[in-house]
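S.K.: quick one: sequence and predicted model below, then my questions.
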Amino acid sequence: MSEKIFINYRKDDSPWNSLALYQELTKYFPRENIFKDFNTIAPGTDFVESIEKALEECDVLLVLISENWLTITDSKGTKRIEKPDDFVRLEIATALKRNICVIPVLFDDATLPGEEELPDNLKKLSRRQSIEIDKNRFDTDTMRLAEAIKRALPGKPAEPLSKKKGSSSLKVILGIVALIAIAIVAIKMMTGNGKKSSYVQPQPIDTTIKKDSAKKVKPKLPVAPVIVVKQPKTVTTYGSIYGGPSGFQFNDAGNIPNEAKVTGIKINYGSLIDDIAFSWNGFLSKSHGIANKGGMPKTFNLGPSEYITAIRGYAGRDQYQTSDVICKITIITNQRSLGTYGMLRFPNGAPVNDNFSLLAPNSHEIVGIYGRADRFLNAIGILVRER
């Protein structure tokens, strides 16, 4: 049995939702069992064939729905959900036709569309039980979703993912039984297995201590306390680097204070990403690129429990560049997307779609970057550390 999970989402509607959900689900399921197009389809592979194959093998389809899911239109003003060749629509229709488990996942106070709002081949979606995920309850809501997926997968019913109860009660009962057994054995030994025992007159104990037999007691030396030295968590590079060969190399690894938390990010951008800098507990790193050269600055502050899980964007060039640079970037945390900055459309009006995605592995967070920069941010990779 395959036990595959397929994440269906619309890029214009669920940018951070899909990435954050994918990252969280890898805590409960093997990464290779979760299909999401940005990280599962290898370069050079036929996109349509890969999706069709994944849909044939999957056991659960998650339909990610935000408040604009129904109303997003193409360049001609036609609602995408109404187009017969819309990939999101085709994926859902295929799963409904196969009659596998389809779970609508509602983000940002979205509601499940009514039957009258959906095309004919999607009307059954309105009758599927949905799960809401709130950014303020993201961890617990995702756990509920994971439990629902476990129950839907083929094979024996899944055990709850939360901490199991009842084992402590069993230990108490076994302990009581053991004590009773020991007591019975002790009573039998004292009474000679039920036979009448002879009484022996106890002899008085000589409490005098003879001088010659007195033992010298050596004083006990004080025991030194055990000191546990906490090893610092290592910062390492992870994944690939994206961008062009130009610019000077940089690496935040030497600037990150030990155990410091990422507290903010500063981006300077125009049609390209001019520079970017991380800050840790108030300490700001050197800008990678030329700061304050005329682009628009944007600064983000992260909350106490917020950390960076992914950086995605587009590496390419405009009409003025001779080698690739970072044209567009999106920073994603465990709680939100910090927005998309840089080149959003090509000169011909076509949208600039992401062509790279840098994801922190399980139980890790992104704490810095490395790459190349000069007049712009030319290339980028991520530094991660265990949470």
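M.R.: Looks like it arrived, so ask away.

S.K.: give me the below-cutoff pLDDT ranges for this structure.
M.R.: Low-confidence segments of the chain, defined by pLDDT under 70, span residues 1-2, 14-15, 37-47, 155-179, 181-232, 282-294.

S.K.: domain parsing for it?
M.R.: For the chain, the structural domains run 4-152, 236-386, going by automatic domain parsing.

S.K.: nearest to Ile180, of these?
M.R.: Comparing these by their distance to Ile180 (CB to CB), the top pick is domain 4-152, with 39.3 Å. All C-beta spots, glycine's among them, are computed from the backbone N, C-alpha and C.

S.K.: chain center to that closest one: distance?
M.R.: On the basis of CA atoms, centre = their mean, to the nearest Å, domain 4-152 is displaced by 17 Å from the centre of the chain it belongs to.

S.K.: can you tell me how far Lys27 is from Thr142?
M.R.: Per CB to CB, to the nearest Å, Lys27 is found 8 Å from Thr142.

S.K.: and the two? Which one has more around it.
M.R.: Applying other CB atoms under 10 Å to Lys27 and Thr142 shows that Thr142 carries more neighbours, namely 20 against 13.

S.K.: elements contacting the helix or strand that one falls within?
M.R.: When secondary structure is defined by DSSP states H and E, Thr142 falls within helix 138-152. For helix 138-152, the elements it packs on are helix 15-25, strand 58-65, strand 101-107, strand 131-133, judged by 3 or more CB pairs under 8 Å, 6 or more residues apart in numbering; DSSP states H and E.

S.K.: would you mind finding the most buried of those?
M.R.: Looking across those with neighbours counted as mean count of other CB atoms under 10 Å, the highest average goes to strand 58-65: a mean of 24.

S.K.: just the angle between the helix or strand following that strand and strand 101-107, please?
M.R.: Toward the C-terminal end, the helix or strand that comes next after strand 58-65 (DSSP H and E) is helix 87-98. Angle of helix 87-98 versus strand 101-107, following axes from the mean of the first three to the mean of the last three CA atoms, to 10 degrees, is 140 degrees.

S.K.: for helix 87-98, buried residues please.
M.R.: If you call a residue buried by 16 or more other CB atoms under 10 Å, then helix 87-98 has these buried ones: Phe87, Val88, Arg89, Leu90, Glu91, Ile92, Ala93, Thr94, Ala95, Leu96.

S.K.: and Asp85, how many neighbours?
M.R.: Close neighbours of Asp85, defined as other CB under 10 Å, add up to 7.

S.K.: so what's Phe4 bridging to?
M.R.: Actually, residue 4 is Lys. It isn't Phe. In this structure, Lys4 has the following beta-bridge partners (DSSP bridges): Cys58.

S.K.: contacting residues for it?
M.R.: Taking CB atoms under 8 Å, 6 or more residues apart in numbering as the criterion, Lys4 is in contact with Asn33, Ile34, Phe35, Ala54, Glu57, Cys58, Asp59, Val60.

S.K.: so the last one sits right up against Ile100, yeah?
M.R.: Yes: at 6.7 Å, Val60 and Ile100 qualify as touching, with contact defined as CB atoms under 8 Å.

S.K.: make CSV out of the helices and strands packed on helix 138-152 and add distance to Val325.
M.R.: Written out in CSV, the entries for the helices and strands packed on helix 138-152 read as follows (distance: least, CB to CB, whole Å):
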stretch, distance to Val325
helix 15-25, 22
strand 58-65, 31
strand 101-107, 32
strand 131-133, 35
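
S.K.: and these: which comes nearest Gln335?
M.R.: Each of these has some distance to Gln335 by CB to CB; the shortest is helix 15-25, at 7.9 Å.

S.K.: summarise which helices and strands that closest one is packed against.
M.R.: For helix 15-25, where contacts count as 3+ CB pairs under 8 Å, 6+ apart, the packed elements are strand 4-8, strand 58-65, helix 138-152, strand 308-316, strand 325-333, strand 337-342, strand 356-359.

S.K.: what angle separates the first one from helix 87-98?
M.R.: Calculated by the same axes, to 10 degrees, strand 4-8 forms an angle of 140 degrees with helix 87-98.
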